[in-house]
Every structure is written in C-alpha cells, then in structure tokens.
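Trainee: can't give you the sequence, but here's the structure:
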C-alpha cells in the first residue's frame, strides 16, 4: 500500500477572517491545490494548458471541519481519487501536524473541449485503477 | 406559507476562473452572504458586532452544482434555517432567472465568546421555530 | 457638473481578516466592481460577453487607505474615467457614510481579441470625452 | 551585497480569471506572502501570534503589471524593506523564470495593540537598518 499523495500549504494572513481562523471557503481551494498537483504528477493536467484543468468540472463538494486552522499553520492535504461510473471522486484529509483539521470530498465530471460531459480519459482511468485497483 | 428569504448577487469578474465560469469556492461565499443577511434581518447578527457572526461556526458544508454561472449573472440565493438538536442547518438554492444553478447546505454550531460549542441562543431557537414550526 | 457614478457594496464576513477589518486586497475588487458597472452602464462592457471586460487589461493600480472598513459596512465606490494618450485611467473614492475609507486609481490598456495592446475603442473615447470634456 | 529575500508561489487555478490569467488583485496577496515570510524570518512576525502581523497596517499599495502570469507558473517574489520616517516601505519584484511579471510597493504603519499608529519597534528598525544601512 502506497503512502497518500499530499501537498503542503502555509496558511496566509489573507486566508483568515474576523473570527481569527481560516475562512471556511478556503478549504475548497486547498482541496483544489492538492487535486491539481495530483493530476499534474500523474500527467493528467498540464500547467501550460489551463484547459486541461478546466476539463474536469466540479459536480459537488463536501467539507467537514474538525478543528480550526490559523495564520502560519503548515497544512498537509492528502488526496486520493476514485473512479465511480462516469465520475471521479476525490477524498481529502487536511492535517496540521498530527491534528485532523478538515475532511471532504469533491465529485467531478470530465468535459469535452466544448464543455459537454464525457467519460474520463483512458489515461485518467488507468491512473485511478492503478491507485485503487 | 411564507416566501423564502433571499439575497441577490451580481457575479463579478474577479469571481470567474480560467474556465470562464464562477469558481466553485465562491458558492460557499454566496451561501454566507444569504445566511448572514438572514441572521441580520432576524436580529441575530449585528453588523456592528462582527463577533455576532463569528459565534456561529461552520461545522460542515455541501454544494451541488447544477449549471455554471457567468460574469454579470444576477444570482438569487434562497436560504432557510432549521434547528436540529444543538446544531442549525441552512439549506440554499441559487437561481439565475429561472435556472437552478446550485443547491447546498451548511451546518453550524453556536459558540461562546471563548469559542466553545454551546446551544443556539433562545432568540435563534425562537426564530427557527417560527419559520418552520 | 454631473454627480459621480458609484456602486454600493455591503462588506461580507469573508472579506474580513484576523485584524477584524476588510483585507486590503479587496479594495482592488471593489474598484473593479465600480469600473465594470460604469462600463456596463455606458454600453462598453456586455455582461453576456466576458471578453468585453477582458479587453481592458490592468496596467497599474494604486490604493491609499484612509480608514479601515468593517463587516456589515455599506461602502459607496465613486469612479470616474479619464483618457490619457492610449491608456484609460480610473480614479476611485470609497466612502462609508461620510467617512473617506480609501482612494485609488487604476490604469488600463485596451487589448485586441488576441490580447495585443491597442487604442481604446471609438465608443470608449466618446464616453470618456463626454464625461470629462 | 546580500541576495534578496524571496518566496515562491505556484499559481493556482482559483487565482485565474475569465481572461485566462492571474487576477490582478492576487498580486497584493503574493506581496503579503513575501512580506510576512520576511517578517517571520527576521523574528518580527510570530505565526503563533496573528496580532504580530496585524500590528503592521497597510497604508498604501502600488502594483505595476509587466507581463501576465498563468495557471501553473512558479512565481518568485523578491522583497526588500526600507525605513522611511515613521513608516516602513517594502518593494517587490515578481518573476517567472527570468521574465519580470510585476513590480510594486506597499507602505506600512506600525500599530499599537489597540490599533493606534506608533513608531516601528526597535527590533524592526534594527533589521531594516542592517539590511539597507
């Protein structure tokens, strides 16, 4: 069993709110950072071709907040992808050191160049099967 | 049966992304706009006291995207609150004209001044019961 | 002399930071709200055609902060445009009631469809001349 | 002469706009990332004490855009601080590889715990003098 793919994110002052904690909308952004880096690592997203990320529309998202996070925290976002019929589901866990901060998932639909839903590419299916086969 | 409470939001250029649509993280912000305006209308949130909004931590959120929205769209976010044990759950529907753009919910926990979980205030319970009694 | 064009913006919780005030990066967004609404009112920006806003690249920006603004403040952003050679300069004043919160300016360059610098359109030149002629 | 202090930032999808480039308001955020990291490195900002960053109010900002930046670009933000009377001015240069993307400056005023303007701390003055003495 392989270790999970993850990205690190240093919480910025501009990500906090009046409550003194990271504003909850940012967690969807931290999920995106991890998901896109995962796609890039696996050759599915090309940073030189933004449309390669755009081809991957967000159908739904869920976030559950376990503990708040703060300015200067170094967050570690673990991400894993799963093929589910014609959709791809990603699960996320965000930690600060050993504390679980947030968990969540996003479900995505592959899109054609003219933004019609389609099946995930063969390359993506191959990657997802090899990770969770 | 009363009409739902709603807020309007004109989609800004800075809310779009390279895909040419509103970035999905903004929907949690549109939900917050509606929820806070609902709390303000009901005397539960005082704009002069930001801590009155802060006392209402986000425990979880869900968003489902039905259709994309675009620069210049006038969105209408309907919100309704429900008391569920010690938590408060809000449901949202976002429309552009008659098209359903997104639906979602957020679950909240009331907090004391020193950010410990507590029960919703009597005022909030009274408002929620009168709306959904 | 005509009254200045302005837009209103209710400060959202997600626009605040740990300092308890509106994060300074949001003022460029409030400027954009006012500038785009000005362009729309004058028939220069079509909300159905995002590229009409994109054709108007930001070359530089300046913001000066006079007083902080807070959650729930109703801001009024005044904007006026000036033709300066091949560029268009906008000046902004943001008020909360009678208090001056921020002032600033942005300088823009018109762009062709393939994002090359060009002269402002005849329509824009006509609008700017009629306002400040 | 020492090399400039810098931070790196991988441009995220959520930082782009419909124009296909990084939205201009994000450059103030990239400046903040570099300035805060500089303050942290020099013992002037404590990530465990957000108020240490809050004590450093933004008085004004300027950004000049030389070239656009794109999804996936690795930006390098150089920052240098200068003592000017009772204020501190930071200058920034953002590069992508060898291309100059943006330059700018921000001017800051030190604040007391109750947010009154004050002189920069002795520690900050010492750091600024040693860097540009």
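Mentor: Okay, I see it. The structure presented is a predicted model; accordingly, all values stated were derived computationally and were not measured. Numbers count the residues shown, from 1 in each chain, chains lettered A, B, ... in the order given.

Trainee: Tell me the buried residues in stretch A:33-45?
Mentor: Within stretch A:33-45, the residues that count as buried by 16 or more other CB atoms under 10 Å in any protein chain shown are A:33, A:34, A:35, A:36, A:37, A:38, A:39, A:40, A:42, A:44, A:45. For every residue, glycine as well, the C-beta is placed using N, CA and C.

Trainee: So the fourth one: helix, strand or coil?
Mentor: Translated: residue A:36. helix (DSSP: H, G, I helix; E, B strand; the rest coil).

Trainee: My guess is it contacts residue A:53. True?
Mentor: Yes. Taking CB atoms under 8 Å as the definition, residue A:36 is a contact partner of residue A:53 at 5.9 Å.

Trainee: which residues do the two both contact?
Mentor: A:45, D:13 (CB atoms under 8 Å, 6 or more residues apart in numbering or on different chains).

Trainee: rewinding a little: now, which of the buried residues of stretch A:33-45 sits nearest residue C:6?
Mentor: Taking CB to CB as the measure, residue C:6 lies nearest residue A:33 of those, at 36.8 Å.

Trainee: host element of that closest one?
Mentor: helix A:26-41 (DSSP states H and E).

Trainee: Now do that helix: everything it contacts.
Mentor: Against helix A:26-41 from outside (CB under 8 Å, 6+ apart): A:5-7, A:9, A:15, A:45-47, A:52-53, A:56, A:61, A:63, A:65, A:75, A:77-79, A:81, A:90, A:92, A:94, A:102, A:104, A:106, B:24-25, B:28, D:12-14, D:72.

Trainee: Produce a ChimeraX select command limited to the buried residues of the residues you listed.
Mentor: This is the ChimeraX syntax for the buried subset of these, where burial follows 16+ other CB under 10 Å:
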select /A:5,6,7,9,15,45,47,52,53,56,61,63,65,75,77,78,79,81,90,92,94,102,104,106 /B:24,25,28 /D:12,13,14,72
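
Trainee: Mind checking the pLDDT average for stretch A:6-26?
Mentor: The pLDDT scores in stretch A:6-26 average 96.

Trainee: same check, this time on stretch A:105-112
Mentor: On average, stretch A:105-112 scores 92.

Trainee: Flag every residue of chain A that's near chain C.
Mentor: Residues of chain A found near chain C (CB under 8 Å from any CB of the partner chain) are A:13, A:14, A:16, A:17, A:18, A:20, A:23, A:25, A:71.

Trainee: Also within reach of chain D: list those from those residues.
Mentor: A:13, A:14, A:16, A:20, A:71.

Trainee: picking up where we left off before, tell me the one of the residues of chain A next to chain C nearest residue C:129?
Mentor: Using CB to CB, these come closest to residue C:129 at residue A:14, 38.8 Å.

Trainee: can I assume that closest one sits in a strand?
Mentor: No. Counting by three-state DSSP, residue A:14 falls outside a strand, being helix.

Trainee: Residue C:23 is in contact with that one, correct?
Mentor: Yes. Counting by CB under 8 Å, residue A:14 touches residue C:23, with 5.4 Å between them.

Trainee: Excluding chain neighbours, give the residue nearest to residue A:24 in space.
Mentor: residue B:58 (4.4 Å; CB to CB, 6 or more residues apart in numbering or on different chains).

Trainee: SS state for that neighbour?
Mentor: Taking three-state DSSP, the label given to residue B:58 is strand.

Trainee: For chain A, give me the ranges with low pLDDT.
Mentor: A:1-2, A:133 (pLDDT under 70).

Trainee: quick one: the strands in it?
Mentor: Counting by DSSP state E, chain A has strands at residues A:5-10, A:56-65, A:74-84, A:87-96, A:99-111, A:117-118.

Trainee: Turn these into a markdown table, including distance to residue C:118.
Mentor: Output for the strands of chain A, formatted as a markdown table (distance: least, CB to CB, whole Å):
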| stretch | distance to residue C:118 |
| --- | --- |
| strand A:5-10 | 39 |
| strand A:56-65 | 33 |
| strand A:74-84 | 42 |
| strand A:87-96 | 42 |
| strand A:99-111 | 32 |
| strand A:117-118 | 37 |
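
Trainee: I'd like the distance between the nearest residue to residue A:79 once chain neighbours are set aside and chain B.
Mentor: Once flanking residues are discounted, residue A:79 sits nearest to residue A:34: 4.1 Å by CB to CB, 6+ apart. Plainly put, residue A:34 is 14 Å away from chain B if you go by CB to the nearest CB, to the nearest Å.

Trainee: Residue A:67 now?
Mentor: Distance from residue A:67 to chain B, by CB to the nearest CB: 11 Å.

Trainee: got a list of contacts for stretch A:114-130?
Mentor: For stretch A:114-130, contacts defined as CB under 8 Å, 6+ apart pick out A:42-44, A:57, A:81-83, A:86, A:88, A:109-112.

Trainee: Who does residue A:88 form a beta bridge with?
Mentor: residue A:83, residue A:108 (DSSP bridges).

Trainee: Residue C:114 versus that one, what's the distance?
Mentor: 34 Å (CB to CB, to the nearest Å).

Trainee: Which one's more surrounded, the two?
Mentor: Using other CB atoms under 10 Å in any protein chain shown, the more surrounded residue of residue A:88 and residue C:114 is residue A:88, with 24 against 5.

Trainee: who are the neighbours in contact with the more buried one?
Mentor: A:56, A:81, A:82, A:107, A:108, A:109, A:110, A:120, A:124, A:128.

Trainee: Make a ChimeraX selection of whichever of these turn out to be buried.
Mentor: To isolate in ChimeraX the members of the contacts of residue A:88 that are buried, counting by 16+ other CB under 10 Å, one can use:
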select /A:56,81,107,108,109,110,120,124,128
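
Trainee: Can you tell me which of the contacts of residue A:88 comes closest to residue B:132?
Mentor: Distances from residue B:132 to these, taken as CB to CB, are shortest for residue A:107 (29.3 Å).
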